[in-house]
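[1] I'll drop the sequence and a predicted model, then ask my questions.
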Amino acid sequence: MDRPLEGIRILEVAQFTFVPAAGAVLADWGADIIKVEHAETGDAQRGLVRVLGLAAGQAGSSFAPIMEGPNRSKRSIGLDLAKPEARPILENLVRSSDVFLTNYLPGPLAKLRLTVDDIRAINPDIIYVTGNGFGSEGPDADKGAYDATAFWARAGSADGVMPPDTDHMAFMPAGAYGDNIGGMTIAGGIAAAIAGRERTGEPSVVDVSLLAVGAWATQFSVNLSLFLGGPLPKVRRTTAAPGNPLSGSYRTSDGRWLQFSMLQPTRYWNEFVAALGREDLVDDPRFATMEAIFEHSQEIGDWFAEAIAKRTYDEWLGVFRDISGQWAPVQDGWELGHDEALIANGRIVEITDADGKPQKLVASPVKFDNAPVKMSRAPQFAEHTDEILREMGLNDEHLIELKIAGAVT
C-alpha cells in the first residue's frame with residue numbers, strides 16, 4: 001500500500017507555505033487535496049515574484065518553485081468565502097471531506113464562519129486542523145507569524161547558530177525552512193488523527209504552531225537549560241567537536257568543507273588516519289583510548305586539518321567514499337538536487353509543468369512499500385473550479401451564475 005491515504009479528501013483553506021506544505025505531503029501519501037483560493041487574488045504566495053533576491057519563476061514559464069513545492073498534486077478552486085453565494089459550495093466541500101485544514105487566524109475564521117464549531121455543524125465527523133504561529137491558546141493566539149519569526153528567531157534556532165559577539169544575526173539556511181519542517185509535522189498529526197478516528201469514531205482537533213515545532217527542534221538546548229537553571233553559555237565553535245577531532249568540519253584545498261561525525265573515535269581511528277595519508281598514526285599507542293584522543297584533540301585536529309587542506313573536495317569524495325566512519329560532504333542546493341542517494345530512493349521526482357516541460361521537485365521524505373511517489377504539478381490558480389463544481393452536480397447555467405456573482409473563479 002504505497003498510497004495509504006488514497007480515498008481521503010482534505011479541504012485546504014490556507015496560503016503561503018507552512019500549512020500548504022502539509023497538504024503537499026498528504027498528497028504524496030495519496031490524499032485528494034482541494035485547495036481553496038480567493039476568487040480574485042488566489043494564494044498570496046503567487047504574488048511573491050522574488051525570493052532571496054532571486055526570481056521565483058522565469059518569464060514565459062508557468063513553473064514557479066515557490067508555488068510548486070507546497071502545492072503539487074492538488075486541485076485548486078477559486079472561491080470567495082465572504083460572498084453568500086459561495087457558502088453552499090463550501091458546505092458541500094466540507095460534507096465530502098475528511099479533514100479541514102487552515103492557517104487562518106481566529107478573527108478571519110470567525111468572520112468567515114470557519115471555526116471548528118461552524119465546520120463541525122456541517123460535518124460532525126470532520127478532523128479540524130489549524131497551523132499557526134504561536135498556538136491556539138495564550139496571549140499570542142491572534143498574532144500572525146512566519147517561520148523566520150516564530151520558528152527560527154523565537155524558538156531558539158537563530159540564537160543556537162550564532163557565535164558569541166557576532167555583529168549580525170544568522171538567518172535560516174533555506175527559504176521556508178521552518179515552514180516545510182512544520183508542514184511535515186502537521187501531516188503526521190493528520191495521519192494520526194485519521195488513524196484515531198478509524199479506531200474510535202471520534203474526530204480530533206489538531207493544532208500545530210511554528211513556535212512549538214521550533215521548540216521541538218531545539219529541545220536539546222531547551223531541556224538542558226531548564227535542567228541547569230539558566231541559559232547555556234555561548235561558546236566559540238571550532239571546526240572539531242570539543243575533545244573529538246574525528247567529529248567536526250574541515251576545509252579542503254579548494255575552499256569546500258567536509259563534515260565528520262565519528263562518535264566512537266577509537267573504532268574508526270586506523271581507517272580514518274590511513275585515508276588521510278597519515279599511516280604513521282595507525283596503531284599509534286599514544287592514541288589508543290578515547291581519553292588519550294580527547295587529551296590531545298587540539299593537536300590531532302591540527303594534523304587532520306593540515307592533511308585535508310592538501311587535496312580538493314572532489315579528490316576527498318573519492319577517498320572517503322567507502323570508509324565505514326560517518327561523514328558527509330557539505331552540499332549546496334544544486335548538489336543536493338543531484339544527490340545520488342536521493343535519486344536512488346526516488347526523493348527527486350520529475351514532473352511535467354503546465355507548459356509541457358519537464359521539471360524536478362523534492363518529494364516528501366517518507367516512502368511507502370519502496371514505491372515511487374506519484375506526483376503532479378501544482379494547480380494553476382482556480383484551475384479545477386469547474387471540475388469540482390461539476391462533481392457536486394452543478395450545471396453550466398449555475399456555474400455561470402456563480403461566476404457573475406463573483407463567488408467563484
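    Perfect, I can see it now.

[2] can you give me the neighbour number for Ser297?
    Ser297 is flanked by 22 other residues according to other C-beta atoms under 10 Å. From N, CA and C alone the C-beta is placed, and that goes for glycine too.

[3] could I get the contacting residues of it?
    Contact partners of Ser297, counting by C-beta atoms under 8 Å, 6 or more residues apart in numbering, are Ala240, Pro242, Gly243, Asn244, Pro245.

[4] by neighbours, which of those residues wins?
    Result: Pro245 is most packed of the contacts of Ser297 (other C-beta under 10 Å), 27 neighbours.

[5] partner strands of the one helix or strand that residue maps to, with direction?
    Assigning secondary structure by DSSP states H and E places Pro245 in strand 244-251. Using DSSP bridges, the strands paired with strand 244-251 are strand 240-241 (antiparallel), strand 257-261 (antiparallel).

[6] looking at those strands, which is closest to Phe100?
    Closest approach to Phe100 among the strands paired with strand 244-251 is made by strand 257-261 (42.1 Å; C-beta to C-beta).

[7] OK, contacts around the most centrally placed residue in the chain?
    In the chain, the residue lying closest to the centroid (C-alpha atoms, centre = their mean) is Asn180, at 2.0 Å. Applying C-beta under 8 Å, 6+ apart to Asn180 gives the contacts Thr17, Ala21, Gly69, Pro70.

[8] C-terminal to the host helix or strand of it, what's the next element?
    Element membership of Asn180, judged by DSSP H and E, is helix 177-200. Using DSSP H and E, the helix or strand that directly follows helix 177-200 along the chain is strand 205-209.

[9] residue ranges with poor pLDDT in this protein?
    49-60, 237-241 (pLDDT under 70).

[10] where do the strands of it begin and end?
    Counting by DSSP state E, the chain has strands at residues 9-13, 32-37, 50-51, 54-55, 75-78, 99-102, 127-132, 205-209, 240-241, 244-251, 257-261, 327-329, 348-352, 358-362.

[11] what's the local residue count around Ala141?
    15.

[12] in the helix holding Asn180, what counts as buried?
    177-187, 189-191, 193-194, 197 (16 or more other C-beta atoms under 10 Å).

[13] Ile190 versus Ala307, what's the distance?
    49 Å (C-beta to C-beta, to the nearest Å).

[14] quick one on the thing from earlier: CSV for the contacts of Asn180, including neighbour count?
    Output for the contacts of Asn180, formatted as CSV (neighbours: other C-beta atoms under 10 Å):
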residue, neighbour count
Thr17, 28
Ala21, 26
Gly69, 20
Pro70, 28
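
[15] what's the closest of these to Glu340?
    Gly69 (21.6 Å).

[16] surely that closest one and Leu361 touch.
    Yes: look at Gly69 against Leu361 with C-beta atoms under 8 Å: they come within range, at 6.2 Å.

[17] related to what we said a few turns ago, just the CA trace of the helix holding Asn180, in PDB.
    This file holds the C-alpha atoms of helix 177-200, laid out as PDB (Å, rounded to 0.1, in the frame of the first residue of the first chain):
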ATOM      1  CA  TYR A 177      12.900  26.200   6.200                       C
ATOM      2  CA  GLY A 178      10.700  26.100   9.300                       C
ATOM      3  CA  ASP A 179       7.500  26.000   7.200                       C
ATOM      4  CA  ASN A 180       8.500  22.800   5.500                       C
ATOM      5  CA  ILE A 181       9.500  21.100   8.800                       C
ATOM      6  CA  GLY A 182       6.300  22.300  10.300                       C
ATOM      7  CA  GLY A 183       4.300  21.100   7.300                       C
ATOM      8  CA  MET A 184       5.600  17.600   7.800                       C
ATOM      9  CA  THR A 185       4.700  17.800  11.500                       C
ATOM     10  CA  ILE A 186       1.100  18.800  10.600                       C
ATOM     11  CA  ALA A 187       0.900  15.900   8.100                       C
ATOM     12  CA  GLY A 188       2.000  13.500  10.800                       C
ATOM     13  CA  GLY A 189      -0.700  14.900  13.100                       C
ATOM     14  CA  ILE A 190      -3.300  14.500  10.500                       C
ATOM     15  CA  ALA A 191      -2.300  10.900   9.700                       C
ATOM     16  CA  ALA A 192      -2.500  10.100  13.500                       C
ATOM     17  CA  ALA A 193      -6.000  11.800  13.700                       C
ATOM     18  CA  ILE A 194      -7.200   9.800  10.700                       C
ATOM     19  CA  ALA A 195      -6.000   6.500  12.400                       C
ATOM     20  CA  GLY A 196      -7.600   7.600  15.700                       C
ATOM     21  CA  ARG A 197     -10.900   8.300  14.000                       C
ATOM     22  CA  GLU A 198     -10.900   4.900  12.200                       C
ATOM     23  CA  ARG A 199     -10.300   3.200  15.600                       C
ATOM     24  CA  THR A 200     -12.600   5.200  17.800                       C
END
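
[18] okay then, goodbye and thanks.
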